[in-house]
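J.: return atomic coordinates for the entry below.
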Amino acid sequence: SAFAGSFNSGDLISPDIVAHGDKIIYEYTRPDKLTNSQYGSVWRVSSISITTLNGTAINSADTASFIPTSSTNGRVEITPRPGESDSTFRVSIKLRNVISGCDAPEMVRYFFVAPRPNVVYNVANVCLGDKAEFFNSTSISSGQVSYQWDLGNGVTTEAPNPTVFYSAAGQYVTKLIATSDYGYRDSFSITVTVFEKPNAEFTFVNQCEGSAIPFTDQSTLPSGVAAYEWNFGDNSAVSSSNNPTHQYNAPGIYPVTLKVTDNGCVDVRTKYVTYAHRAVVDFTYSANKCSSEPVSFTNTSTLASGSIGYTWKLGDGFVAQNKDISYKYSSFNTYDVTLIGTTNFGCVDSVTKTVTLVESPVVDFATVGNCSGDAVSFNNLTTISLGNLTHAWEFGDGRTSSNENPTHNFGRAGNFNVTLTVVADNGCFDEITKVVNFGVKPVAFFVTKTDICLGEENTFLNGSTFAGGNLNYDWSFDGTNSSNASNPAFTYTVPG
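T.: Numbers count the residues shown, from 1 in each chain. Sure thing, here's the model as predicted:
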């Protein structure tokens, strides 16, 4: 069944709690700076162990392990069996870097398999005026149990073995709920029959403001034809119908009383019905409507009494349940945004407003020429479907430009943070910053004889300089022959 335990500190002092038959799920996340998509190629689970404190492994049929996917984390699911109650288990998960072979720190949690109570009790049918006695034989393997009795006549008690005098004849569905000190429950019901007098009973459906409340008579009658009298608790006229409906004039909680008379025997039943307030659902949103910036939606809904849950439908398929929300749309468009408010009594109201986003420019640029002595050309790659653009360049050396595709000569070598800000004529803007590396050029120079004899070897003395490190060389002697040596020698075989 679904998990109904508790997640605590997960250590031996305060382990997580689960009962047999429930499923507890531990989810593990990827190591820092890695992704789920790298599972198997860069990292993996090296081991998963689930053992008791004395080292006995849990039955493998009670567990299931799921590796991470690109959209979900890895997890371990554990469903203890009845024989594992009152045991503490240690869960260990180890992750390993496939490339380095190193293991991440071991992840450890402890959980305790709490026992469940087994509810059993007996009660005999009684006659009107006799005492009904409840004999409780509920058991649990360890710990304490508290009791909550529903004696079927509106009376509840926490006594272990209660007694009750029923005030009317009929069938009473009694129920015992036993709760362990770990919060696990079991329940059992027995119908007690009390003979003779009529038993007044009814059901209803709470309604939201503007709807009539239906009442359904569920009284039990020993014989004959009953007479009904409904008092709706709002000083309106009583009703003699067996299944009336009633329209209240104002929201509130009202005591409704049904009086049933059969062969002179009377029984009365009162319940409280709720005629609930509706919420006034509304919201505002930020004046900014550029597609490059998020839209802030502010919830201004009100409710006279109670609480409201909210659902936002933002018009592009995205749904959220926050009270307020800030959301960045993926593109400029017109969106119908709906806010749905649901009160704690289930009353639903909504409002829809249209949000129109204006296109923002998508800013980008590239550079050509990054060496000293060169003017760097900035190629503006900004796009927008319609309208004119204004450009503002900051080159990171204190100088600026408003050209669309400027050139700039940095006065020294280094890394410069270059920022391009683009403003469209609709008022929307975007910007991007990139690091431009501006390097130092080498100075090529060599010395050699300028007049030599045919067949004589000529030596070329390299005098090139570079402040930034080592150099590579590419010599061309006659358009055909070449060398990569630092100080090469070459013999010409053709005069010229």
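
J.: what sits against residue 34?
T.: With contact set as C-beta atoms under 8 Å, 6 or more residues apart in numbering, residue 34 has these partners: 42-43. Quick note: C-beta positions are derived from backbone N, CA and C, even for glycine.

J.: for it, phi and psi?
T.: Note on residue 34: backbone dihedrals following degrees, to the nearest 10 are phi -110, psi 170.

J.: do residue 37 as well
T.: phi -70, psi -20.

J.: what's the helix or strand for the residue lying closest to it once chain neighbours are set aside?
T.: What sits nearest to residue 37 in space, not counting adjacent residues and going by C-beta to C-beta, 6 or more residues apart in numbering, is residue 70, at 4.8 Å. With the criterion set as DSSP states H and E, no secondary-structure element contains residue 70; it sits in neither a helix nor a strand.

J.: so who does residue 70 touch?
T.: For residue 70, the residues meeting the contact criterion (C-beta under 8 Å, 6+ apart) are 35-37.

J.: who wins for neighbours among those residues?
T.: Ranked by neighbour count under the definition other C-beta atoms under 10 Å, the contacts of residue 70 are headed by residue 36 with 16 neighbours.

J.: and that one, what's its pLDDT?
T.: Looking at residue 36, its pLDDT stands at 94.

J.: rebuild the contacts of residue 70 as CSV, extending it with distance to residue 253.
T.: As requested, the contacts of residue 70 are arranged in CSV below (distance: C-beta to C-beta, whole Å):
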residue, distance to residue 253
35, 54
36, 51
37, 55
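
J.: what's the closest of the residues you listed to residue 258?
T.: Sorting the contacts of residue 70 by distance to residue 258 puts residue 36 at the head of the list, at 60.2 Å, by C-beta to C-beta.

J.: what about the strands in the stretch 1-150 of the chain?
T.: 16-19, 24-28, 43-52, 63-66, 74-78, 88-97, 107-114, 121-122, 126-127, 131-133, 135-136, 145-150 (DSSP state E, counting those that start in this stretch).

J.: want to throw those strands into JSON lines with mean pLDDT and mean neighbour count?
T.: Conversion of those to JSON lines gives the following (pLDDT from 0 to 100; neighbours: other C-beta atoms under 10 Å):
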{"stretch": "strand 16-19", "mean pLDDT": "94", "mean neighbour count": "22"}
{"stretch": "strand 24-28", "mean pLDDT": "94", "mean neighbour count": "17"}
{"stretch": "strand 43-52", "mean pLDDT": "95", "mean neighbour count": "16"}
{"stretch": "strand 63-66", "mean pLDDT": "94", "mean neighbour count": "14"}
{"stretch": "strand 74-78", "mean pLDDT": "95", "mean neighbour count": "18"}
{"stretch": "strand 88-97", "mean pLDDT": "95", "mean neighbour count": "18"}
{"stretch": "strand 107-114", "mean pLDDT": "96", "mean neighbour count": "20"}
{"stretch": "strand 121-122", "mean pLDDT": "97", "mean neighbour count": "16"}
{"stretch": "strand 126-127", "mean pLDDT": "74", "mean neighbour count": "16"}
{"stretch": "strand 131-133", "mean pLDDT": "94", "mean neighbour count": "14"}
{"stretch": "strand 135-136", "mean pLDDT": "97", "mean neighbour count": "15"}
{"stretch": "strand 145-150", "mean pLDDT": "97", "mean neighbour count": "18"}
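
J.: which among those strands is found nearest to residue 325?
T.: Distances from residue 325 to each of those were compared using C-beta to C-beta; the shortest belongs to strand 24-28, at 25.8 Å.

J.: tell me where the stretch 201-350 of the chain has strands.
T.: Taking DSSP E, counting those that start in this stretch as the test, the strands found in the stretch 201-350 of the chain are 202-204, 207-208, 213-217, 227-231, 245-246, 252-262, 265-276, 283-285, 295-299, 308-313, 319-320, 325-327, 334-343, 348-356.

J.: can you give me how far the fifth one is from the chain middle?
T.: Put simply, strand 245-246 sits 42 Å off its chain's centre (C-alpha atoms, centre = their mean, to the nearest Å).

J.: again, but for the last one
T.: When distances are taken as C-alpha atoms, centre = their mean, strand 348-356 is centred 24 Å away from the chain's centroid.

J.: can you give me the buried ones in the next helix or strand along the chain from that strand?
T.: Later in the chain than strand 348-356, the nearest helix or strand by DSSP H and E is strand 365-368. Neighbour counts using 16 or more other C-beta atoms under 10 Å place 365, 367 of strand 365-368 among the buried residues.

J.: next helix or strand past strand 365-368?
T.: Beyond strand 365-368 in the direction of the C-terminus, DSSP H and E gives the next helix or strand as strand 376-380.

J.: and that next one, which strands flank it?
T.: strand 365-368 (antiparallel), strand 407-408 (antiparallel) (DSSP bridges).

J.: next structured bit after it?
T.: Heading towards the C-terminus - elements assigned by DSSP H and E - strand 376-380 is followed by strand 389-394.

J.: rewinding a little: could the strands of the stretch 1-150 of the chain be laid out in CSV, adding distance to residue 197?
T.: As requested, these are arranged in CSV below (distance: least, C-beta to C-beta, whole Å):
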stretch, distance to residue 197
strand 16-19, 43
strand 24-28, 50
strand 43-52, 58
strand 63-66, 56
strand 74-78, 53
strand 88-97, 54
strand 107-114, 44
strand 121-122, 24
strand 126-127, 10
strand 131-133, 14
strand 135-136, 25
strand 145-150, 21
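
J.: looking at these, which is closest to residue 298?
T.: Closest approach to residue 298 among the strands of the stretch 1-150 of the chain is made by strand 24-28 (33.8 Å; C-beta to C-beta).

J.: check which helices and strands the closest one sits against.
T.: The contact analysis (3 or more C-beta pairs under 8 Å, 6 or more residues apart in numbering; DSSP states H and E) places strand 24-28 against strand 74-78, strand 88-97, strand 107-114.
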